[in-house]
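Asks: Below are the sequence and a predicted model for it; my questions follow.
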Amino acid sequence: MIASLTLVEGIGALLLAAGLFFILTAVIGILRLPDFFTRLHAIGKCETAGLSLSLLGLAVLAWDPAVTVKLVLVLFLVFLANPTATHALARAARKTDVEVWRGDPSSGPVGDR
Amino acid sequence: MGSTPPRPAGGERAPRLRRVLGAAAFPALFLGLVVGMTELPEFGDPASPASTHLSPRFIEEGAAETGAANMVTAVLADYRGYDTLGEAAVIFAAGLGCLVILASGGARRDLPVAGMSNRFGSIVLDAATRTLVPVVLLFAVYVLIHGHYSPGGGFQGGVLFGSGLIMMRLVWGPADASPRPGSDVPTFGLSLRGSLVLASVGILAYVGIGLAAMAFGGEFLNYGTLPLGSDPAHVRELATLGIEAAVFLTVGGTVSLLFDTISIGMRENGVPLGSERGPRE
């Protein structure tokens, strides 16, 4: 099965897998991190990376100019909009006094407290 | 928001005659509708007139008769143009309702946008908005025009258009503010009054196209008679685009109007908006 993959398909699949890894990281971050800001940190970075890599993988897999160009355009939009939205959320949270976690990072995972 | 805004005191009760008339009209209307409902064919009945006559006609003749490759557009904007006019009017009425209930005072004074007098105040948002808004507005027009051939059309494009307007408003403040501090070039954001005008122009254009068809000897909203060329399908295609553009204006204007009226209503009910707070640092 692996052997029957073309080079293009292999690159696309690798990119998709890398994207999924980052999305999984974002999910774990959302579940495990202690407060709004740290969770935002996790999802802001990992989701942008995960989504971008996934889109890039799909763009490679599609291998059709009409689809690939559209996906790359979506990629640019994600790259611009996602970090900006994260910034706006963090800023709004700061302005509305959302509590910042100041606990001890060495005291074990949050779920245990 | 810790506390709910104070509710406005209950208004005066309507005069007795109006209350009696209202109480009498409701059961009459209700009974009429119930009686009418019993006459309707069974829901989803394959032998009903809609299934035996209308649907096959739409499917078989739609593209040839209306010039719209997208069957949904052919049905919505042409065969059932009346329906769509009603939908656009409902959206417009909802916008007017918000205006009257939430912001009747603000609209008369033409407040730019209450609570948005300070820009959101972030260079990141400012830069991103300046890059994104033109793309969003352009894409809205693309969705409108391409509705003939692919999913899209006036409603979807209008919502995108309204979102672009709201984005400018959120980040840059009122319509007459400048995107750059210290520059006097205004944004292209719409004022509340501008949104209202845009939405009204949309509805009027829709009705106007319908009336124009009547003026040239057809029925209301039967575009075939409009003097736009010799190919009937092409004429209908152009008229459908006109209808979609009218819906686009109505929806875009109303979405922007809703945002304005809600923010004015929040201000007048004492709900603090984010941009009124200074940075905490």
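Replies: Sure, I can see it. As the structure is a computational prediction, the values presented were derived from the model and not from experiment.
Asks: residues in contact with the residue in chain A that chain B sits nearest to?
Replies: Across chain A, no residue is closer to chain B than A:Thr84, which sits at 4.0 Å (CB to the nearest CB). Where you see a C-beta, it was placed from the backbone N, CA and C, and this is true even at glycine. Listed by CB atoms under 8 Å, 6 or more residues apart in numbering or on different chains, the contact set of A:Thr84 reads B:124-125, B:128, B:132.
Asks: Please flag which of those residues sit within helices.
Replies: Secondary structure from DSSP state H places B:124-125, B:128, B:132 of those in helices.
Asks: which non-adjacent residue is nearest A:Ala62?
Replies: What sits nearest to A:Ala62 in space, not counting adjacent residues and going by CB to CB, 6 or more residues apart in numbering or on different chains, is A:Thr68, at 5.4 Å.
Asks: Which helix or strand contains the residue lying closest to B:Leu99 once chain neighbours are set aside?
Replies: Using CB to CB, 6+ apart and skipping the chain neighbours, the partner closest in space to B:Leu99 is B:Thr261 (5.1 Å). Secondary structure assigned from DSSP states H and E places B:Thr261 in helix B:232-268.
Asks: Give the other helices and strands that that helix contacts.
Replies: Packing contacts for helix B:232-268, counted by 3 or more CB pairs under 8 Å, 6 or more residues apart in numbering or on different chains; DSSP states H and E, involve helix B:55-66, helix B:81-109, helix B:123-146, helix B:154-172, helix B:192-215.
Asks: One more pass at 10 Å, please.
Replies: Helix B:232-268 sits against helix B:55-66, helix B:71-73, helix B:81-109, helix B:123-146, helix B:154-172, helix B:192-215, with contacts defined as 3 or more CB pairs under 10 Å, 6 or more residues apart in numbering or on different chains; DSSP states H and E.
Asks: tell me the most buried of the ones you listed?
Replies: Ranked by mean neighbour count, these are led by helix B:154-172 with a mean of 24 (mean count of other CB atoms under 10 Å in any protein chain shown).
Asks: what about that helix, near chain A?
Replies: Yes. Contact between helix B:154-172 and chain A is present through B:170-171 (criterion: CB under 10 Å from any CB of the partner chain).
Asks: still on that earlier bit, surely the residue nearest to B:Leu99 and B:Val255 touch.
Replies: No. Using CB atoms under 10 Å, B:Thr261 makes no contact with B:Val255, being 11.1 Å away.
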